[in-house]
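*Asks:* The following block contains a protein sequence and its predicted model.
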Amino acid sequence: MRMPVAYMVGMLCLFVQAIQGTLPPLSQKAASIFSDLSPAELRAVRTFLMSRPELGLQPSKGGSLAKNSLFLIEMLPPKKSQALCYLNTGTEPPRRRARAVVFFGTGAKPNITEYIVGPLPVPRFYRPSGQPVAFITRPMTQLEYKLVFNKLTELLAPLNQFLKDVSGFGLRDCQDRCLTFTDIAPRGLASGERRTWIILQRAIEGFFLHPVGLEVLINHGELDPARWSIETVWYNGQYFGTPQELAQQYAQGKVPIVQLVSHPDQTLFSSFVPRGEFNTGPPTNVHGAKVCEPQGHRYSVHGNLVEYSGWSLAFRLRTSTGLQLFDVRFNGERIAYEVSVQEAIAFYGGNSPATMQTKYIDVGWGMGSVTHELAPGIDCPETATFMDVYHHYDADAPVRYPNAICIFELPTGVPLRRHFDSNFQGGSTFYAGLEGHALVIRTTSTVYNYDYIWDFLLFPNGVLETKVHATGYVHTSFYTPEGIPYGTRLHTHLLGNIHTHLVHYKIDLDVSRQAPVCPYRGVLPEIHHWREGIGIFRHRCFIWTGGAGSPRPHLELEAGHPLGRYHLAVTQQHENEGVSSSLYIQNDPWHPSMSFENFLRNDESIDKQDLVAWVTVGFLHIPHSEDIPNTATPGNVVGFLLRPFNFFDEDPSVASRRTVIVRPKESGHGVQIQRWTPESPGHCVTKVPFSYNGTYSPI
Ligand SMILES: *[C@@H]1O[C@H](CO)[C@@H](O)[C@H](O)[C@H]1NC(C)=O
Ligand SMILES: *[C@@H]1O[C@H](CO)[C@@H](O)[C@H](O)[C@H]1NC(C)=O
Ligand SMILES: [Cu+2]
């Protein structure tokens, strides 16, 4: 059923039976049913499929587009029912299987077919999963980019002199004065098209901010690049039919050009290199504040199992979408079966043809696969635990992304709880506080110009927070006066185009004391939890809060990704509605291969069912001069919280021994400090031991 939520705070409760039995603990072995494929498993799937003569697979690199190739291999999560059966009773683990995406470029009707391959580690079978989708909807590959670039170089040859004159840069024989490009999507205006607007830029540091004013529309729908053509050309606000037409009119002096400053040194504005000085404050060429762990990690990571202050969960970094948490538990009790990133979109406004048509749907750009190395001390604290990940995406072997995930404990800088209990006579009857900490699980996706920083935070009081920060370069166009209504002039020849960011998450809450029975029935009976000794009935809930500031823009192309419509949508859990987006929507949003809207359209009851919540968060981004050189993280962050609501008998962080209580001595002289951690945190913070006074007086 459809449930648009008009409030900033939604409430989602599953009323469940308090059953005596407890779950077996989430062990490393149990968590591993959710782990990503190892390099050996990826290789085994690849070797198995490559050796099937009937598939006729060729390497992804080289050759032509008219071939069959293995595009993606990733772990296929077990069915929820099977996984729960195993997790709840410790019986046979579900068989490990892979999802493989094959591009069939040969044959009369090329298509994309997805397969289930298993069992791992030694695959014996593969079978199609779902309906094949149109070949034209496939994500771009390295090969297609290379062919597009070569074709552009060929088709834009008539503009060599023109490009040199306006930009000082060129497409061939250009050494350190080369042009590059950004392609936008969707690729056309109707289903079945693959006509892409290309923005020509100077290939210098931060090239996303260096458009030369030329945009071209290349039709690369055919598999044979010999049949590709440039259908329209735009330069500095004017349209031309072909590159030849622009070249001719230019030669006749009919095209007003904007000549760019020719030397890259003049374009330092797109670089990270420091310039200028702060007017006040001590020098910044020394290290700043750091996270330190005087007594080592206070969390553990074993394989894909994370444990921290009551929490335990399994995680993976899904190649197609990003971070996924599974079997999230607090004190052994399951809170969510899955919390995961599903999609990120950015829709633009503009006056240039490329930017007015830009509607990025990032899963179609390999959002989960572009998880590059994290820098200690910058991307994550030096103390973090860094982990490599392996993706098989548009590749001929597993690719290692070193240190792509980091896990660390962070002082939040604000106490989790504190109270100064004034005696209203110049002192306190007690002071008490609990340091604020959170465990952070982080990765990033660099989707071409943009960098998303994906965080899941676990707090010792049972709160789980998700956050996504946006940073990196803004998507820009060449400045023309007509562009002004669509953004901000960021530099002499640069317009930062207005856009909305929306991010979609899946939350499969399982707020229950699962009975250790099999098979798992999916339907959770409503029951009131009796709190012993106190005699109140209550509903044990987790509530979702967040999404503050999320815009709900009216979006065209909604068939493909209606996530802008709902802050929160709730559906029944179905095995075949596991993800809300797909690899193929970006390149055919008009007739999407799957639609999240269909999850809602079936008008199913959400009463007493196993439910999944789908949350959209986002923000409007009006680029401004401070987006030069990059969009900065402060202010460009959105997310939501899952908070216990009558779920625990009291704040579960009372179990933390990081509490400090200070009471005045009965004698009236001095204080008594009660603590459960060593007196001084150790040398890496300060040599001075903790002290507290608690008196206040006029001076
Ligand atoms: C997809 O392509 C493969 C290989 O050409 C072919 O065997 C299969 O029948 C096609 N599927 C559909 C539905 O056309
Ligand atoms: C607390 O501060 C007051 C005022 O500065 C001082 O007189 C008193 O001795 C201090 N007490 C302790 C225990 O340090
Ligand atoms: Cu933005």
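*Replies:* All right, it came through fine. Ligands and ions are numbered 1, 2, ... in the order given.
*Asks:* OK, contacts around S320?
*Replies:* The contact partners of S320, taken as CB atoms under 8 Å, 6 or more residues apart in numbering, are 72, 74, 363, 366-369, 393, 583. In short, each C-beta sits where N, CA and C put it, glycine included.
*Asks:* What about ligand 1: which of these touch it?
*Replies:* With the criterion set as CB under 6 Å from any ligand atom, no member of the contacts of S320 is near ligand 1.
*Asks:* of all the residues you listed, which comes closest to P243?
*Replies:* G366 (30.3 Å; CB to CB).
*Asks:* is it true that the closest one touches P139?
*Replies:* Yes. Assessed by CB atoms under 8 Å, G366 is found in contact with P139 at 6.6 Å.
*Asks:* Pull up the overlap in contacts between these two.
*Replies:* D394.
*Asks:* Now secondary structure, neighbour count and pLDDT too, for the contacts of S320, in a markdown table please.
*Replies:* Output for the contacts of S320, formatted as a markdown table (DSSP: H, G, I helix; E, B strand; the rest coil; neighbours: other CB atoms under 10 Å; pLDDT from 0 to 100):
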| residue | secondary structure | neighbour count | pLDDT |
| --- | --- | --- | --- |
| L72 | strand | 23 | 98 |
| E74 | strand | 25 | 98 |
| V363 | helix | 27 | 96 |
| G366 | coil | 23 | 94 |
| M367 | coil | 27 | 96 |
| G368 | coil | 25 | 96 |
| S369 | coil | 26 | 96 |
| Y393 | strand | 21 | 97 |
| L583 | coil | 25 | 96 |
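*Asks:* Name the secondary structure element that contains the nearest residue to T466 once chain neighbours are set aside.
*Replies:* The shortest distance from T466 to any non-neighbouring residue, by CB to CB, 6 or more residues apart in numbering, is to G639 (4.6 Å). Using DSSP states H and E, G639 sits within strand 637-645.
*Asks:* now do E41
*Replies:* E41 belongs to helix 39-50 when assigned by DSSP H and E.
*Asks:* Buried residues, that helix. List them.
*Replies:* Buried residues in helix 39-50, defined by neighbour count with 16 or more other CB atoms under 10 Å: 41-46, 48-49.
*Asks:* nearest to I453, of those residues?
*Replies:* Relative to I453, the closest of the buried residues of helix 39-50 is L42; by CB to CB it sits at 26.0 Å.
*Asks:* Surely that closest one touches P398?
*Replies:* Yes. L42 lies in contact with P398 (CB under 8 Å); the separation is 4.1 Å.
*Asks:* could you pull out the strands for the stretch 451-600 of the chain?
*Replies:* Secondary structure of the stretch 451-600 of the chain by DSSP state E, counting those that start in this stretch: the strands cover 464-472, 476-478, 487-491, 494-497, 499-509, 529-530, 537-538, 541-546, 568-572.
*Asks:* Name the stretch from the ones you listed where average model confidence is lowest.
*Replies:* The minimum mean pLDDT among the strands of the stretch 451-600 of the chain belongs to strand 529-530 (a mean of 38).
*Asks:* about what we covered before: please convert the contacts of S320 to TSV, extending it with distance to ligand 2.
*Replies:* What follows is the contacts of S320, written out as TSV (distance: CB to the nearest ligand atom, whole Å):
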residue	distance to ligand 2
L72	64
E74	60
V363	59
G366	60
M367	55
G368	55
S369	58
Y393	61
L583	64
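*Asks:* Kindly reformat those as TSV containing distance to A655.
*Replies:* Shown next, in TSV, are the contacts of S320 (distance: CB to CB, whole Å):
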residue	distance to A655
L72	43
E74	37
V363	39
G366	42
M367	37
G368	35
S369	39
Y393	42
L583	43
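*Asks:* give the contact list for the residue nearest to E482 when sequence neighbours are not counted.
*Replies:* Distance criterion CB to CB, 6+ apart; nearest residue to E482, sequence neighbours excluded, is N351 at 4.6 Å. Neighbouring residues of N351 by CB under 8 Å, 6+ apart: 237, 477, 480, 482-483, 485-486.
*Asks:* what pLDDT does the residue in the stretch 301-450 of the chain positioned nearest to ligand 2 get?
*Replies:* Relative to ligand 2, the nearest point of the stretch 301-450 of the chain is G427 (8.9 Å; CB to the nearest ligand atom). pLDDT for G427: 91.
*Asks:* Any part of stretch 115-131 near ligand 1?
*Replies:* No. Stretch 115-131 is not in contact with ligand 1 by CB under 6 Å from any ligand atom; minimum separation 7.1 Å.
*Asks:* Tell me how far that stretch lies from the chain's centre.
*Replies:* 27 Å (CA atoms, centre = their mean, to the nearest Å).
*Asks:* now stretch 79-86
*Replies:* So, by CA atoms, centre = their mean, the centroid of stretch 79-86 is 26 Å from its chain's centroid.
*Asks:* Domains in this structure, by residue range?
*Replies:* 11-20+292-519+538-655, 35-131, 142-252 (the TED database).
*Asks:* As CSV, the ones you listed with distance to R275 would be great.
*Replies:* Output for these, formatted as CSV (distance: least, CB to CB, whole Å):
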stretch, distance to R275
domain 11-20+292-519+538-655, 10
domain 35-131, 40
domain 142-252, 13
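*Asks:* about what we covered before: helices or strands next to the helix holding E41 in the packing?
*Replies:* In terms of contacts (3 or more CB pairs under 8 Å, 6 or more residues apart in numbering; DSSP states H and E), helix 39-50 is packed against strand 68-76, strand 97-104, strand 111-118, strand 385-393.
*Asks:* tell me the mean pLDDT for the helix or strand just after it?
*Replies:* Next in sequence after helix 39-50, counting helices and strands by DSSP H and E, comes strand 57-58. The pLDDT scores in strand 57-58 average 98.
*Asks:* what do you get for stretch 293-306?
*Replies:* The average pLDDT for stretch 293-306 rounds to 96.
*Asks:* Now tell me what touches it from outside.
*Replies:* The contact list for stretch 293-306, computed with CB under 8 Å, 6+ apart, reads 26-28, 30-32, 34-36, 307-309, 312-316, 383, 385, 387, 407, 409, 437, 439, 441, 678, 681-685.
*Asks:* That one: which residues count as buried?
*Replies:* Across stretch 293-306, burial judged by 16+ other CB under 10 Å covers 293, 299, 301, 304-306.
*Asks:* residue ranges with poor pLDDT in the stretch 551-699 of the chain?
*Replies:* Scanning the stretch 551-699 of the chain for pLDDT under 70 picks out 551-564.
*Asks:* In contact with whichever residue of the stretch 551-699 of the chain sits closest to ligand 1: list those residues for me.
*Replies:* For the stretch 551-699 of the chain and ligand 1, the shortest gap (CB to the nearest ligand atom) falls at S593, measuring 12.6 Å. For S593, the contacting residues are 131, 133-134, 137, 582, 584-585, taking CB under 8 Å, 6+ apart as the criterion.
*Asks:* Wait, a helix at V255?
*Replies:* No. Counting by DSSP: H, G, I helix; E, B strand; the rest coil, V255 is not part of a helix but coil.
*Asks:* check contacts around the residue nearest to the residue of the stretch 301-450 of the chain closest to ligand 2 when sequence neighbours are not counted.
*Replies:* Of all residues not flanking G427 in the chain, T695 sits nearest, at 4.9 Å (CB to CB, 6+ apart). By CB under 8 Å, 6+ apart, the contact set of T695 is 426-428.
*Asks:* Dump those residues to a markdown table, plus distance to Y86.
*Replies:* Below are the contacts of T695 laid out as a markdown table (distance: CB to CB, whole Å):
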| residue | distance to Y86 |
| --- | --- |
| G426 | 61 |
| G427 | 58 |
| S428 | 52 |
